[in-house]
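1. Fold the following.
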Amino acid sequence: MNKLAFALAALIAAPATAAPLCDNMGFAGLLAKCNRGEPVELTLSSGKPLYAGEGPIALQSGAYYEVNITADGTAELAVSGAEFFRAIWMNEIVISDIEIRPMAIDSIEFDAGGSAKLSFIAIKPGSYTLRIPGSTGDAQAVTFSIQ
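-> Below is the predicted model of the structure:
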């Protein structure tokens, strides 16, 4: 095998690695404070956009994130996105100081006003959408791009 073919074979066989946000994570590992991205704020409200920012939210595979979802109680609303929830490792969901550590979820529904905090590690690269079920408008969805 020539040198170029050997180098290409080694590159192809090398496992893909996530690039966390910091080099020295210490005992906490991926949950280390230095490996945390900016929190994302989502709002569930009748007739208002789900996400106030522009464009997709970029996440780094291997980094820790929090998504805060707040419902104002103007309507019974949910967010769903099974593909997104399957592309992350969910650490916990916190609702009214109750910590839930689920294996998997498809959606979160608010029957009244309140908030939920999701903390997770982004894992699988790709583009994923969280959407208010039954809605078709772009303002009723948010796209996450895991790099």
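2. For Val40, give me its contacts.
-> Tyr51, Ile57, Tyr65, Glu66, Val67, Asn68 (Cβ atoms under 8 Å, 6 or more residues apart in numbering). Bear in mind the C-beta positions are built from the backbone N, C-alpha and C, glycine included.
3. what bridges to it?
-> Val67 (DSSP bridges).
4. All the helices of this structure, residue numbers only.
-> 3-13, 82-86 (DSSP state H).
5. per-stretch mean pLDDT over these, give me the minimum one.
-> Among those, helix 3-13 carries the lowest mean pLDDT, at a mean of 49.
6. In this structure, where is pLDDT below threshold?
-> By pLDDT under 70, the low-scoring segments of the chain are 1-20, 25-26, 28.
7. quick one, strands of it?
-> Along the chain, counting by DSSP state E, strands occupy 40-44, 57-59, 64-71, 77-80, 88-95, 98-100, 107-110, 114-122, 126-131, 141-146.
8. Make CSV out of the ones you listed and add distance to Asp23.
-> As requested, those are exported to CSV (distance: least, Cβ to Cβ, whole Å):
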stretch, distance to Asp23
strand 40-44, 24
strand 57-59, 19
strand 64-71, 15
strand 77-80, 34
strand 88-95, 21
strand 98-100, 29
strand 107-110, 34
strand 114-122, 17
strand 126-131, 25
strand 141-146, 21
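9. so Ile57 touches Gln147, yeah?
-> No. At 11.0 Å, Ile57 does not count as touching Gln147 under the criterion of Cβ atoms under 8 Å.
10. what's across from the closest residue in space to Gly114 that isn't next to it in sequence in the sheet?
-> Nearest residue to Gly114, sequence neighbours excluded (Cβ to Cβ, 6 or more residues apart in numbering): Ala71, at 5.7 Å. Beta-bridge partners recorded for Ala71 (DSSP bridges): Leu44, Gly114.
11. Determine the number of other residues adjacent to Ala71.
-> If you count neighbours by other Cβ atoms under 10 Å, Ala71 ends up with 24.
12. for it, what are its contacts?
-> Thr43, Leu44, Ser45, Leu77, Phe110, Ala112, Gly113, Gly114, Ser115.
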